[in-house]
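> Give the three-dimensional model of this entry:
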Amino acid sequence: MSEFAPETALREFLGTRRARLTPEQTGLPAHPGAPRSPGLRREEVAQLAGLSVDCYVRLEAGRGAGVSPSVLRAVARALQLSDTERDQLLALVEGVRQRPHATVEQQARLGLVRALDTIGDVPALLLGHRLDVLATNRLARALYLDFDARPAEEWNMARYMFLSEAARELCVDWAETAREIVGMLRLYAGRHPHDPKLDQLVSDLSADDRDFRGWWADPEVYLPRYGVKRYRHPLAGDLTLGFEAFTPLGDADQTLGLYTVEPGSPSEKALLLLAG
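Here you go, the predicted model:
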């Protein structure tokens with residue numbers, strides 16, 4: 001099983017973020033002379049963050065249980081982390097501090113289910129922290145082929161994206177979308193490092209799909225906000241849909257995804273065909 005170890009994840013996360021920067025990018029002077037390995041050195045990160053070298057070395061080694069949030073934010077600034085990456089750093093350090101505990105199973109609130117059912121013109125769906133599909137409206141089920149035919153325990157967007165041939169044919173930019181799925185799982189794994197069902201999901205996908213296995217080894221994270229997706233549907237043809245992602249109040253680990261469509265466009269006509 002591919003268990004998500006917080007200490008290892010923290011070490012890999014900081015190491016890869018350090019490796020992508022050069023001293024010149026951070027305002028540090030270049031040091032002419034002997035060739036150096038790519039990226040910042042640990043002592044340079046410590047200097048930029050205003051820490052002792054020993055403090056940063058212990059943090060990157062996965063021994064960051066006693067590090068304060070203000071210190072972590074200083075490290076985030078030194079490494080030029082995005083807001084999503086900064087939050088992931090805080091979550092990974094919190095995961096090191098936590099003891100394993102039971103993960104609460106997520107359910108869609110009845111009000112959210114009813115809200116999705118009232119949306120009839122565009123696809124809409126609710127995802128949980130493992131990318132479990134908690135609720136969908138009728139158009140989402142029509143868009144994502146063969147979901148209805150899959151057992152309930154397989155209603156998971158990551159399983160669908162990597163293990164369904166229909167998904168690869170449906171998503172025009174499959175590789176980009178699939179990598180975002182991996183980044184979302186990485187993000188949620190940082191918040192829930194002791195979730196055996198998440199470990200099992202990662203283990204299954206790593207065993208069954210080479211693309212997932214390679215991308216999971218890269219600790220990139222992705223938080224959906226908004227964008228555009230292209231689909232090639234066997235019944236409706238080509239669709240270009242916008243999407244907006246929301247976090248419902250009351251459960252920070254759920255994502256409500258709403259699609260949008262340009263009025264009068266061929267994609268709107270295609271959705272009307274799917275709506276039947």
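
> Which elements pack onto the helix or strand that Thr84 is a member of?
Thr84 belongs to helix 83-97 when assigned by DSSP states H and E. Where contact means 3 or more Cβ pairs under 8 Å, 6 or more residues apart in numbering; DSSP states H and E, helix 83-97 is packed against helix 6-19, helix 69-78, helix 174-191. (Glycine included, C-beta is placed from N, CA and C.)

> wait, which of those helices is closest to Leu125?
helix 174-191 (13.5 Å; Cβ to Cβ).

> Can you check what angle separates the helix or strand following the closest one from helix 174-191?
As assigned by DSSP H and E, the chain's next helix or strand after helix 174-191 is helix 196-208. Using axes from the mean of the first three to the mean of the last three Cα atoms, to 10 degrees, the inter-axis angle of helix 196-208 relative to helix 174-191 is 150 degrees.

> Quick one: low-confidence residue ranges for the stretch 1-150 of the chain.
Flagging of the stretch 1-150 of the chain using pLDDT under 70 yields the residue ranges 1-4, 31-35, 100-102.

> cutoff 50 now
Low-confidence regions of the stretch 1-150 of the chain, defined by pLDDT under 50, span residues 1.

> Break down it into its strands, ranges please.
Using DSSP state E, counting those that start in this stretch, the strands of the stretch 1-150 of the chain run over 124-127, 133-136.

> Columns distance to Glu244 and mean neighbour count on top of the ones you listed, output as CSV?
Output for those, formatted as CSV (distance: least, Cβ to Cβ, whole Å; neighbours: other Cβ atoms under 10 Å):
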stretch, distance to Glu244, mean neighbour count
strand 124-127, 10, 24
strand 133-136, 16, 22
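
> Of those strands, which is nearest Leu272?
strand 124-127 (16.0 Å).

> Just checking: what are the partner strands of that closest one?
strand 133-136 (antiparallel), strand 255-260 (antiparallel) (DSSP bridges).

> closest to Glu60 out of those strands?
Using Cβ to Cβ, the strands paired with strand 124-127 put strand 255-260 closest to Glu60, at 30.2 Å.

> ok, then the element right after that closest one?
That would be, after strand 255-260 and using DSSP H and E, helix 266-275.
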